[in-house]
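S.K.: Give the three-dimensional model of this entry:
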Amino acid sequence: MLDVSPERFEALVSKALDRLPAEFEEHLENVSVVIEETPDPDLLTSMGLDPDDPEDVLFGLYEGVPLIERLHDDVLLPDHITIFRRPLLDWAESEDEVVEEVRVTVLHEIGHFFGLDEERLDELGYA
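M.R.: This next block holds a predicted model:
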């Protein structure tokens, strides 16, 4: 695992969020973004991933109702994006790769918030 401190990792996530276009930011007012060390094994299993398989990794997770699926009068809990630190650091071979993958992961999860599916995110280069 690369030696990127939790504080530096948090700064990378913040930087990715700060670089979002202003028109995106206004929609993200009720979205919390948190960093956790690793995903829970039960979460991985529920997603069809094997917690013991090093190939089955999860860098980020969006939880909520995508913007395009909401009705005008819906009363919803805040949306939640989690970025998982250890899987990213275990995957990357350099700090430059961490910086780029944090950016891509943040954009990927925000893409889910806006209603983009995995195929579309892949087309955009955020898979």
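S.K.: Quick one: mean pLDDT for stretch 117-127?
M.R.: Averaged across stretch 117-127, the pLDDT comes to 89.
S.K.: Just the buried positions in it, please.
M.R.: Leu121, Tyr126 (16 or more other Cβ atoms under 10 Å). From N, CA and C alone the C-beta is placed, and that goes for glycine too.
S.K.: One more: stretch 81-91?
M.R.: Across stretch 81-91, burial judged by 16+ other Cβ under 10 Å covers Ile81, Thr82, Ile83, Phe84, Arg85, Pro87, Leu88, Leu89.
S.K.: Just give the number of residues close to Glu100.
M.R.: For Glu100, the neighbour count with other Cβ atoms under 10 Å is 14.
S.K.: Now do the same for it: helix, strand or coil?
M.R.: Secondary structure, DSSP: H, G, I helix; E, B strand; the rest coil: Glu100 is helix.
S.K.: C-terminal to the helix or strand hosting Val13, which secondary structure element comes first?
M.R.: When elements are assigned from DSSP states H and E, Val13 belongs to helix 6-18. Heading C-terminal from helix 6-18, the first helix or strand you meet, by DSSP H and E, is helix 22-25.
S.K.: next helix or strand past that following helix?
M.R.: Past helix 22-25, further along toward the C-terminus, the next helix or strand under DSSP H and E is strand 31-36.
S.K.: what sits opposite the most centrally placed residue in the chain in the beta ladder?
M.R.: When Cα atoms, centre = their mean is applied to the chain, the residue found nearest the centroid is Gly60 (3.4 Å). Beta-bridge pairing of Gly60 under DSSP bridges involves Ile83.
S.K.: Could you shift the numbering so residue one becomes 56, and keep it that way?
M.R.: In the new numbering, first residue 56, that becomes Gly115.
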